[in-house]
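Q: Dropping a prediction and its sequence here:
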Amino acid sequence: MDLISYERDGPLAVVTIERPERRNAVDLATAHALYAAFQRFEAEEDAAVAILQGRGGHFCAGADLKAVAEGEGETGRRVAEDGEFGPMGPTRMRLSKPVIAAVEGYAVAGGLELACWCDLRVAAEGATFGVFCRRFGVPLVDLGTVRLPRLIGQSRAMDLILTGRPVDAREALDIGLANRMVADGQALEAARALGRQIAAFPQGCLRNDRASALDQWSLDWEAATRREARLGLATMRSGETVLGAKRFFSGQGRHGSFQ
C-alpha cells in the first residue's frame, strides 16, 4: 500500500496517511510522500481546499520512533534549521490554499504539529491531542512550539508542552485547538462539508485575507496594516468585489444567507 493516498472530490483534495498498523506514525519516506502530496495540491489550480486525515481510526501518532531509533534521528537526516521540508513533511510549507485536519483518535507529538499546521481542525469526540513525545526526549521541531502558543495562548500551550498530558476533544474545542467537534467516525465527512463551504466562496478574496492573517505574525502594526491594504486592493482590482456586490444587489445572500 502507498504510504500516502491522494483523492480528488470536486474542489477538495483528500490526503490520507496510510500506515494504520503504526497509528499513522511518520517515517522519513512517509514524510517525503506527505510533502509531495501537498506540493501536488498547491499545483492543482482547481483544488481549493485540502483535507488531511489518517487511515484506520487515528490521525497521526507522530514521528515513527522505531525508525528514529534505527537511525533516522541522526543529525541532518530529518531535521534542518531552514528549508521548506519539515521532519513530518509539509509542516514548514506555506500554501496559498487552506487545509483542514480531520482528526479521529490520536493526534499527538508530531501528529499534533501536523494538525496545528492545518488551518482548521475537525475533531471526533474520541480524539486525543497531546505532546506525548515529552516522555521520550523527542523535541517539537515541526513548529509546535511556535504554532501551539499562537493557536491557544502561551499559558495553555505551556501546560501542554511541559506536561505532555492528553487533551480530549471537548477540551480541545474549548481552548481553540479544535474548531469543530463531531461524533466518532464523522470527522472526514464534516471536514468535507466544511471544505465545500470554503471552496464555494470567491477564492481570490479568501486567499488574500488568509495570507494577510498569516503574514501579520511576523510584521509590526504598520507593516501589517500596509500588507492588509495591499492584498485588499489586489482583491478589489481583480473584479471579485464588484461581482460580489452585484450578486448581493440582485438578491443573493440577503439576511445573512450563505446559500
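A: Looks like it came in fine.

Q: going forward, measure contacts and count neighbours with C-alpha atoms only.
A: Will do.

Q: Is residue 51 bridged to anything, and to what?
A: Per DSSP bridges, the residues bridged to residue 51 are residue 14, residue 100.

Q: quick one: pLDDT of it?
A: Looking at residue 51, its pLDDT reads 98.

Q: Repeat that for residue 75.
A: At residue 75, the model reports a pLDDT of 43.

Q: Ok, residue 1 next?
A: 56.

Q: What of residue 24?
A: 97.

Q: And the pLDDT for the residue lying closest to it once chain neighbours are set aside?
A: Once flanking residues are discounted, residue 24 sits nearest to residue 60: 4.7 Å by CA to CA, 6 or more residues apart in numbering. Looking at residue 60, its pLDDT reads 98.

Q: ditto for residue 215
A: 96.

Q: before we move on, what about residue 246?
A: For residue 246, the model assigns a pLDDT of 86.

Q: what comes into contact with the one helix or strand it maps to?
A: According to DSSP states H and E, residue 246 maps onto helix 240-249. In this structure, residues lying in contact with helix 240-249 by CA atoms under 8 Å, 6 or more residues apart in numbering are 202, 204-205, 235-236, 254.

Q: What of stretch 12-19?
A: 1-8, 24-25, 30, 34, 37, 41, 47-55, 59-60, 192, 195-196, 199.

Q: just stretch 203-223 next, same as before
A: Counting by CA under 8 Å, 6+ apart, residues outside stretch 203-223 touching it are 48, 96-97, 224, 227-228, 231-232, 235, 240.

Q: what about 10 Å?
A: Residues outside stretch 203-223 that contact it (CA atoms under 10 Å, 6 or more residues apart in numbering): 48, 94-98, 119, 150, 198-199, 224-236, 238-241.

Q: element containing residue 112?
A: Assignment of secondary structure by DSSP H and E places residue 112 within helix 110-117.

Q: ugh, wrong one, I meant residue 190
A: With DSSP H and E as the test, residue 190 turns up in helix 187-199.

Q: follow-up on the earlier one: now intersect the contacts of stretch 203-223 with the helices, please.
A: With helices taken from DSSP state H, the overlap with those comprises 150, 198-199, 224-236, 238, 240-241.

Q: Run through the stretch 51-200 of the chain and note the low-pLDDT ranges.
A: 72-78 (pLDDT under 70).

Q: could you pull out the strands for it?
A: 99-103, 106-108, 120-124, 128-130, 167-168, 180-182 (DSSP state E, counting those that start in this stretch).

Q: Mean neighbour count and distance to residue 247 for those strands - can I get that in a markdown table?
A: Shown next, in a markdown table, are the strands of the stretch 51-200 of the chain (neighbours: other CA atoms under 10 Å; distance: least, CA to CA, whole Å):
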| stretch | mean neighbour count | distance to residue 247 |
| --- | --- | --- |
| strand 99-103 | 29 | 28 |
| strand 106-108 | 28 | 41 |
| strand 120-124 | 27 | 28 |
| strand 128-130 | 26 | 42 |
| strand 167-168 | 18 | 43 |
| strand 180-182 | 21 | 30 |
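
Q: got these as TSV, with distance to residue 71 columns?
A: As requested, the strands of the stretch 51-200 of the chain are exported to TSV (distance: least, CA to CA, whole Å):
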stretch	distance to residue 71
strand 99-103	29
strand 106-108	22
strand 120-124	32
strand 128-130	25
strand 167-168	30
strand 180-182	38
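
Q: Among those, which comes closest to residue 81?
A: strand 106-108 (22.5 Å; CA to CA).

Q: which helices and strands sit right next to the closest one?
A: Secondary-structure packing of strand 106-108 (3 or more CA pairs under 10 Å, 6 or more residues apart in numbering; DSSP states H and E): strand 49-54, helix 110-117, strand 128-130, strand 167-168.
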